[in-house]
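Enquirer: Here is my input; please provide its structure:
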Amino acid sequence: MELSIKNYLMALSLGSQAPDFTLPSTSVKFLSLSKDLKGQGFILFFYPKDFTRGCTSEACEFRDQFREFRNLEIPVFGISRDDIATHEKFKKAYQLPFDLLSDESGKVCKAYDALIPLIKMPKRVTYLIDSSHKIAGVYEGLFENKSHVDAMLRKIRK
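Expert: The predicted structure is shown next:
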């Protein structure tokens, strides 16, 4: 079965402007889309929780394919509602070479339509954001941990 980018009529559809954000980061004090990523495309993957089986699998798949993203000059950022201290432990435990961003309030998750209503937990959604900060690709799937990486690499290579 061939994987494809899924567009689920989300708040962020293909071609829409990515909402600006500034969040605490594991490598710099804060990372801002409009300031730190100006003119640069990147991957933003939302995931439910550090140290859970599915989220660990997804993060490790991004880690294992990180060289490919780096060669394509596409930075990767993971976002969950975990705090920075937990992110730092998660990053160290699994040797993740990319930044994790902390959205404890859930406001950025909500702005990206990546928050499950009622339980306020992030969905597993991955966005490819182009250099003008428009949504160039979307992949959503709670149980397709590794498929997010494959889908993004296919989209970037097109």
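
Enquirer: didn't Lys120 look like it was pressed against Ser105?
Expert: No: look at Lys120 against Ser105 with C-beta atoms under 8 Å: they stay out of range, at 9.8 Å. To be clear about C-beta, it is placed using only N, CA and C from the backbone, and glycine gets the same treatment.

Enquirer: Now for the two: what residues contact both?
Expert: Arg81 (C-beta atoms under 8 Å, 6 or more residues apart in numbering).

Enquirer: the strands in this structure, which residues?
Expert: Assigned by DSSP state E, the chain shows strands spanning 22-24, 30-32, 42-46, 76-80, 99-102, 115-116, 121-122, 125-129, 135-140.

Enquirer: if I look at Ile74, how far off is Asp113?
Expert: Noted for Ile74: a distance of 22 Å to Asp113, by C-beta to C-beta, to the nearest Å.

Enquirer: what residue ranges in this protein score low on pLDDT?
Expert: Applying pLDDT under 70 to the chain flags the ranges 1-11, 142-145.

Enquirer: Report the central residue of it.
Expert: Phe45 (1.4 Å; C-alpha atoms, centre = their mean).

Enquirer: is that residue in a bridge, and if so with what?
Expert: When bridges are called by DSSP bridges, Phe45 pairs up with Gly78, Thr126.

Enquirer: hang on, Lys146 packs against Cys55?
Expert: No: Lys146 is not in contact with Cys55 according to C-beta under 8 Å; the separation is 12.0 Å.
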